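*Asks:* I would like to see how this sequence folds:
(one chain, ligands or ions: 1)
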Amino acid sequence: MKYVSTRNKKGKALTSAEAILQGLAKDGGLLVPENIPQIKIEEIKNLKNMRYEDRAVEILKKYLTDYTEEELKESAELAYNYFDITDRMRLAIKSDKPAEAKKIEPEKNKVTAFIELWHGPTSAFKDMALQILPHLMRIGLKKTGEERDILILTATSGDTGKAALSGFADAERTKIAVFYPSEGVSEIQKLQMITQTGKNVKVIGVKGNFDDCQNGVKKIFSDEEIKKKLDAQKIKLSSANSINWGRLVPQIVYYFSAYADLLDNEEINAGDLVNITVPTGNFGNILAAYYAKRMGLPVEKLICASNINHVLTDFFESGIYDRNRTFFRSISPSMDILISSNLERLLYHESGEDSEYIKKLMNELNASGKYEINKDLKKKLKKIFYAEYAGEEETKTTIREMYNDMKYLIDTHTAVGLTVARKYQKKTGDKKPMLIASTASAYKFAPAVLNALQIPIEGMNEFEMAEKLNKITSVEIPKGLKALKKAKVLHEDICEKEEMSERVLTFAGN
Ligand SMILES: *Cc1c(COP(=O)(O)O)cnc(C)c1O
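*Replies:* As a prediction, this is how the structure comes out:
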């Protein structure tokens with residue numbers, strides 16, 4: 001399987017190891033597989049009796065064909081071994097899987113299952129990919145004979161940063177720099193990042209929002225001067241954002257795994273269609289679900305759930321992507337994004353791989369912050385996706401109701417997903433089983449969650465809030481978050497968005 005740029009499919013095709021090491025295509029496009037591999041229902045059935053690690057190998061080997069099965073197995077074992085799956089939040093489905101699908105609504109003829117993706121070390125779904133990516137890169141460096149070391153640049157809306165730091169801290173031949181919006185992440189998210197240990201890590205706050213961080217990083221990637229300077233130091237830039245194929249491909253796994261869980265628990269029969277709702281920001285997680293559907297996972301609709309920054313809802317409705325709008329800071333900050341980078345991959349596949357057309361759209365986006373897709377493409381997307389958003393109050397109500405009714409605690413992002421999933425069901429009457437990506441532990445967003453539960457939080461710090469939440473719900477506080485209380489702050493750098501490239505060069509030279 002080879003990988004090409006969404007903006008030039010006739011350009012040089014890369015192996016998956018090359019694609020993962022490189023991150024972004026040279027022309028600024030995203031790297032995509034030349035074709036989408038297929039999976040038979042029999043193979044999906046076979047996943048039923050496998051551990052998560054083995055399910056991962058089955059899916060990964062279809063895309064990462066230049067890795068041996070042993071290499072993939074080694075990577076998956078190292079990645080998912082340490083997931084903390086001993087907490088008590090398992091209601092209906094018993095499982096020892098790092099990303100189990102958990103059925104919550106025990107109504108007859110109606111299945112709502114949350115795919116809990118946040119049992120990794122940093123308590124958000126980003127761990128599912130970022131715990132395995134460093135191994136794929138390490139093996140990839142050897143495989144491709146790459147002589148340069150890797151410098152990972154990462155822009156984060158809050159969760160990617162810590163997950164990437166956790167994955168890459170003290171990794172061989174790799175340095176990592178993380179840029180986060182200095183005022184745009186939760187207190188816990190910030191603490192998670194600025195206390196990160198490791199000889200090879202750098203964490204910098206940027207005076208701006210996530211889009212500023214992401215644009216800054218993209219600019220550095222396309223800056224020939226910087227590239228030359230780094231080349232001279234034998235350093236190659238790469239990315240740990242979901243623009244990197246190595247971030248996306250491990251995310252495809254858990255949609256298959258969740259389906260296999262439902263089969264295993266006899267909630268569905270092989271071949272039954274399900275719906276999948278994903279709380280969406282950069283369009284990475286839902287794009288992974290799209291690949292799963294295209295591969296043959298029986299999925300009817302992909303439901304794209306946005307918060308009050310609903311640029312994607314508007315896009316699916318109107319066919320116009322327009323980032324020229326007010327940016328809001330919401331209670332689901334990891335979804336506060338106006339440029340959803342991975343949409344480019346979807347448009348590529350659904351336009352019949354028309355890379356000239358994609359290039360034109362992306363140039364328009366760069367020039368005016370806006371583009372409009374043609375009617376044919378819009379119609380195609382509407383068939384696959386349903387898009388809606390949840391307001392702040394609705395999101396809080398959902399958290400409160402879910403907890404009061406089911407004693408099941410969800411975070412603000414997952415609550416956006418659930419709110420939209422219900423809107424979809426109400427509007428369409430569709431009763432197919434609904435899988436919802438549960439993307440973070442509620443403890444990462446304790447102030448908003450307590451607020452949703454109508455518990456006063458005045459005068460409390462984040463740790464007192466976590467303890468309060470624990471007292472009320474007796475849901476365990478994830479170990480990694482508990483440990484933050486005693487962790488030392490190691491990174492206090494803040495910079496202007498114009499200074500990002502300079503900071504990267506300084507860090508690279510050390
Ligand atoms: C990153 C993130 C999202 C959004 O995922 P995308 O892949 O960017 O669409 C949703 N929820 C949480 C908790 C996240 O960390």
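*Asks:* give the next helix or strand downstream of the helix ranked longest in the chain.
*Replies:* Looking across the chain with DSSP state H, the single longest helix is helix 245-264. Sequence-wise, the next helix or strand downstream of helix 245-264 (DSSP states H and E) is strand 274-279.
*Asks:* and this structure, which residues reach the ligand?
*Replies:* 124, 126, 159, 242, 279-285, 334-335, 413, 439-440 (Cβ under 6 Å from any ligand atom). C-beta: built from backbone N, CA, C; applies to glycine.
*Asks:* relative to the whole chain's centre, how far out is stretch 443-459?
*Replies:* For stretch 443-459, the separation from the chain centroid amounts to 24 Å (computed by Cα atoms, centre = their mean, to the nearest Å).
*Asks:* now do the end-to-end distance for it.
*Replies:* Start-to-end span of stretch 443-459 (Cα to Cα, to the nearest Å) is 18 Å.
*Asks:* quick one: average confidence on it?
*Replies:* For stretch 443-459, the mean per-residue pLDDT is 96.
*Asks:* that one: which residues count as buried?
*Replies:* Buried residues in stretch 443-459, counted by 16 or more other Cβ atoms under 10 Å: 443-453, 457.
*Asks:* where are the low-confidence patches of the stretch 1-150 of the chain?
*Replies:* 82, 84-98, 100, 105-109 (pLDDT under 70).
*Asks:* and which of the buried residues of stretch 443-459 is nearest the ligand?
*Replies:* residue 444 (7.2 Å; Cβ to the nearest ligand atom).
*Asks:* list the residues that contact that closest one.
*Replies:* By Cβ atoms under 8 Å, 6 or more residues apart in numbering, the contact list for residue 444 reads 123-124, 159, 186, 188-189, 411, 481.
*Asks:* from the residues of the chain next to the ligand, which ones fall inside helices?
*Replies:* 159, 284-285, 413.
*Asks:* show me which pair in the residues you listed is furthest apart.
*Replies:* Distance extremes for these: the farthest pair is 284 and 413 at 13.2 Å, using Cβ to Cβ.
*Asks:* higher neighbour count, those two?
*Replies:* Higher neighbour count among residue 284 and residue 413: residue 413, with 32 against 24, using other Cβ atoms under 10 Å.
*Asks:* tell me the pLDDT of residue 406.
*Replies:* 88.
*Asks:* and residue 121, helix, strand or coil?
*Replies:* Here residue 121 is recorded as coil under DSSP: H, G, I helix; E, B strand; the rest coil.
*Asks:* ugh, typo on my part, it should be residue 176
*Replies:* strand.
*Asks:* ok now do it, which residues does it touch?
*Replies:* 151-152, 154, 164-165, 168-169, 200-202, 240.
*Asks:* same thing with residue 215?
*Replies:* Neighbours of residue 215 in contact, by Cβ under 8 Å, 6+ apart: 339, 497.
*Asks:* what about it, helix or strand, and which?
*Replies:* Per DSSP H and E: residue 215 is located in helix 210-221.
*Asks:* average pLDDT across that helix?
*Replies:* 90.
*Asks:* that one: how far from the chain's middle?
*Replies:* 17 Å.
*Asks:* what helices and strands are in contact with the next helix or strand after it?
*Replies:* Where DSSP H and E defines the elements, the next helix or strand beyond helix 210-221 is helix 224-232. Packing partners of helix 224-232 (3 or more Cβ pairs under 8 Å, 6 or more residues apart in numbering; DSSP states H and E): strand 235-239, helix 500-509.
*Asks:* and those: which comes nearest residue 209?
*Replies:* Of all the helices and strands packed on helix 224-232, the one in closest proximity to residue 209, counting by Cβ to Cβ, is helix 500-509 (13.7 Å).
*Asks:* which positions within that closest one qualify as buried?
*Replies:* Using 16+ other Cβ under 10 Å as the test for burial, helix 500-509 gives 500-501, 503-505, 507-508.
*Asks:* sorry, back to before: would JSON lines of the ones in helices among the residues of the chain next to the ligand with distance to residue 65 be doable?
*Replies:* As requested, those are exported to JSON lines (distance: Cβ to Cβ, whole Å):
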{"residue": "159", "distance to residue 65": "30"}
{"residue": "284", "distance to residue 65": "22"}
{"residue": "285", "distance to residue 65": "24"}
{"residue": "413", "distance to residue 65": "33"}
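*Asks:* all set, thanks.
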